[in-house]
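**Student:** Kindly generate the corresponding structure for this input.
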Amino acid sequence: MSSRTGSRFVAHGPRVQVDVTTNLPGHFNIANALAALAMLVTGGVDPSTAVSGIARLRGVPGRMEPVEAGQPFTALVDYAHTPQAVVTLLETLRATMKAPVTSTATPASRWPNTRPGW
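**Tutor:** Numbers count the residues shown, from 1 in each chain. Got it, this is the predicted structure:
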């Protein structure tokens, strides 16, 4: 389950079943947390230790980062940098936000050599 404040899910694997909570919202962050959990457990970290570390992560600058300035609405910064990343971001926001979602983007022409197809 994902909300605007984070995500919760159950991870199942060989000999492992753990409840995972992360402060990072969105299905893409669930996928990232699952990948991190799998790598940590495969590398020998105890699953409960790995889950505890994932739960402590407060956020990633520029990735669905809340902006709090006393405004009566939710404002987030996300540097989605490909067309698919923007689509995924907007789908996540529309699924988790109760209010309308508005998007503002920086032109990709700012990075002409790193954004083929824009």
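
**Student:** Is the spatially most central residue of the chain within a helix or a strand, and which one?
**Tutor:** The geometric centre of the chain, computed from its C-alpha atoms, lies nearest to Asn29 (CA atoms, centre = their mean), at 3.3 Å. Using DSSP states H and E, Asn29 sits in helix 27-42.

**Student:** Now do the helix or strand Ala85 falls within and helix 27-42, the angle between them.
**Tutor:** Assigning secondary structure by DSSP H and E places Ala85 in helix 83-96. Compare the direction of helix 83-96 with that of helix 27-42 by axes from the mean of the first three to the mean of the last three CA atoms, to 10 degrees and you get 100 degrees.

**Student:** about what we covered before: for the helix holding Asn29, which outside residues touch it?
**Tutor:** 2, 7, 9, 11, 13, 16, 18, 20, 22, 24, 47, 49-51, 53-54, 64, 88, 92 (CB atoms under 8 Å, 6 or more residues apart in numbering). Using the backbone N, CA and C atoms, a C-beta is placed for each residue, glycine as well.

**Student:** about what we covered before: which pLDDT value belongs to the residue nearest to the centre of the chain?
**Tutor:** Looking at Asn29, its pLDDT is 86.

**Student:** just the one 4 residues further on next, same as before
**Tutor:** Each residue has a pLDDT score; the one for Ala33 is 94.

**Student:** Can you report how many residues neighbour it?
**Tutor:** Ala33 has 22 neighbours, counted by other CB atoms under 10 Å.

**Student:** any idea how far Leu40 is from it?
**Tutor:** Noted for Ala33: a distance of 10 Å to Leu40, by CB to CB, to the nearest Å.
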